[in-house]
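> my questions are about this predicted structure, shown below with the sequence.
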Amino acid sequence: MSDVLHLRPSDARRVPWKNGRGFTDELALWPSNASFEKSDFLWRISKAAVEESGPFSPFPGFERLLVLTSGAGLVLEHGAEAPRTRLERHVAYRFSGDWPTNAALIDGRVEDFNVLCRRGSARAEVEVHAGRVELRLATSRDEQLFLHLLSGALETHHVQSIALAAGESLWLQRTHGRELELRGAGTALLVRIRAP
């Protein structure tokens, strides 16, 4: 028995940024009875568009992973906390939600993929798979997997065939030792989230 959710863009929840400067599409949040507004969640996966340069919302107590998914680039500054960093497309960047963060657009609008993990309660890693994609996925104890397809198409056979289109996601909460095989072509982001 497995617990695998096939999520479509319409399943995402549109949430305003804490600083009021934009909106985020919330793709997944854990545990299921938590909410972003109450800040009682352990982890959250989302995507957003950055339309203008300016400050990021603070998330004290959380670690952040950010992947630029479209656009020319983004420069992040954290004051004295860390060096100025230019984000490149499809390269994960980890930083503390406690740090003051200001973003500068290189050449217009960008889109990004975000993972928030409560420090000491969850830890995430992001893998980028591009081109011909062949994945065998299975969760281990205290682990969940989230795969988001940026472009292309993937297909799996898991009880019944699941066809994954661009903008859609698979959330593996439990696989009980069984592997889920995905094949196709495109660009996919795979998030592995573990309890420490």
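That came through fine.

> by contact count, what packs against the lowest-mean-pLDDT helix or strand in the chain?
Of all helical and strand segments in the chain, the minimum by mean pLDDT, DSSP states H and E falls on strand 160-165, at a mean of 86. Packed against strand 160-165 by the contact rule (3 or more C-beta pairs under 8 Å, 6 or more residues apart in numbering; DSSP states H and E) you find strand 3-7, strand 143-158. (Glycine included, C-beta is placed from N, CA and C.)

> what's the most buried one of those?
Compared across the helices and strands packed on strand 160-165, strand 143-158 shows the largest average neighbour count, a mean of 19 (mean count of other C-beta atoms under 10 Å).

> relative orientation of that strand and strand 3-7 in degrees?
80 degrees (axes from the mean of the first three to the mean of the last three C-alpha atoms, to 10 degrees).

> so which elements touch strand 143-158?
Applying 3+ C-beta pairs under 8 Å, 6+ apart, one finds that strand 143-158 makes contact with strand 23-30, strand 43-50, strand 123-137, strand 160-165, strand 169-174, strand 180-194.

> I'd like the mean pLDDT over it, please.
Averaged over strand 143-158, pLDDT sits at 91.

> adjust the sequence numbering to begin at 261 for everything that follows.
Yes, from this point I'll number from 261; that puts the last item at strand 403-418.

> any chance of the helices and strands packed on strand 420-425 in a markdown table, plus distance to R324?
Shown next, in a markdown table, are the helices and strands packed on strand 420-425 (distance: least, C-beta to C-beta, whole Å):
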| stretch | distance to R324 |
| --- | --- |
| strand 263-267 | 21 |
| strand 403-418 | 16 |
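
> identify whichever of these lies nearest to W431.
strand 263-267 (4.2 Å; C-beta to C-beta).

> how about the least confident helix or strand of the chain as PDB, C-alpha atoms only?
This file holds the C-alpha atoms of strand 420-425, laid out as PDB (Å, rounded to 0.1, in the frame of the first residue of the first chain):
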ATOM      1  CA  GLN A 420      -2.300   2.600 -12.500                       C
ATOM      2  CA  SER A 421      -0.400   4.700 -15.000                       C
ATOM      3  CA  ILE A 422       0.200   8.300 -13.900                       C
ATOM      4  CA  ALA A 423       1.100  10.800 -16.600                       C
ATOM      5  CA  LEU A 424       2.800  13.900 -15.200                       C
ATOM      6  CA  ALA A 425       2.700  17.100 -17.300                       C
END
